[in-house]
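Colleague: 3D model of this:
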Amino acid sequence: MPEGDTVFLTCHRLHGALAGRVLSHGDLRHPRLALVELAGRRLTEVRPAGKHLLMRFDDGHTLHSHLRMDGAWHLYRPGDRWRRPAHQVRAVLAVPERTAVGFHLHDMHWLPTDQEHRLIGHLGPDLLSPDWGPELEAEAVRRLTADPGRELGLALLDQSVMAGLGNLYRTEICFLLRRRPDTPVSEVDPQRVVRLARELLVRNAWRPQQSTTGELRPGAQHWVYDRRTCLRCGSRVRHGEQGSGVTARETYYCPVCQR
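Modeller: Numbering: from 1, shown residues only. Alright, predicted model coming up:
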């Protein structure tokens, strides 16, 4: 599932291409939204909320989408060939110079902008919020420590604690804290956890590469995530699974570097 920084960059690019423009074409290929007419509407902004994308229009409506595991928004110029097959298309929004195409958008909603809380009201503080400051940091710490016995890896993936983290950052945050994913929240400094989470997302928000090591070279971008050996000490990375059902995610940790 795309991390919050990927959604942030996607929204930034869509906003730059479409915001302030009247759509010349709009096509929503979703049974619930097939009758929504977007052509002629002015798109005012595209904003992220954790892993949610919010396209707001000047008539007081929002087109909401979520990328989940395989969704994506692409931008094309007139005449460009789409990089995914047409049967995956769920949305097409166009102005004369650019076309935004949404592929595999499993979650899409059309609703009044003042009702967005119905879809995103459960989210914790957005780690990439432009309003981030001491108040949001304190709220994230409060939510993180609400259940001291909870496993850290599970808490980091809970979007109602902090919005924007996925499995990659969950894994690398645990590594940088020198703790295994099953460590109880009570055994770590919660403020350090929150600050580290935001730092990693902010560091990568303006580029497609997601580096937690400071390196952009292939094979050197992550400490243990999706690796066979630890980048720091060379020990074999342990694989496992944390969570159950739809929340289950593969874990990676170094038995030497992470106690």
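
Colleague: pLDDT score for the nearest residue to residue 22 once chain neighbours are set aside?
Modeller: In space, and not counting its chain neighbours, residue 22 is closest to residue 42: 4.9 Å by Cβ to Cβ, 6 or more residues apart in numbering. C-beta here means a position set from N, CA and C on the backbone, and glycine is covered the same way. Turning to residue 42, the model gives it a pLDDT of 98.

Colleague: ok, residue 42 - contacts?
Modeller: Each residue near residue 42 by Cβ atoms under 8 Å, 6 or more residues apart in numbering is listed here: 20-23, 57-59.

Colleague: neighbours around residue 179, how many?
Modeller: By other Cβ atoms under 10 Å, 20 other residues sit near residue 179.

Colleague: Residue 205 and residue 11 touch, don't they?
Modeller: No - distance between residue 205 and residue 11: 10.3 Å, which falls outside the contact criterion (Cβ atoms under 8 Å).

Colleague: ok, back up a step: measure the residue nearest to residue 22 to residue 21 for me?
Modeller: As judged by Cβ to Cβ, to the nearest Å, residue 42 and residue 21 stand 7 Å apart.

Colleague: Ok, residue 242 next?
Modeller: Counting by Cβ to Cβ, the gap from residue 242 to residue 21 is 44 Å.

Colleague: With residue 109 instead?
Modeller: For residue 109, the distance to residue 21 equals 22 Å [Cβ to Cβ].

Colleague: Strands along the stretch 151-259 of the chain, start to end?
Modeller: Shown for the stretch 151-259 of the chain, the strands assigned by DSSP state E, counting those that start in this stretch span residues 238-242, 249-253.

Colleague: Highest mean neighbour count out of those strands?
Modeller: Most buried of the strands of the stretch 151-259 of the chain, by mean neighbour count (mean count of other Cβ atoms under 10 Å): strand 249-253, with a mean of 21.

Colleague: Can you give me the domain assignment for the protein?
Modeller: When the chain is parsed with the TED database, its domains come out as 4-121, 134-253.

Colleague: Cool, thanks, signing off.
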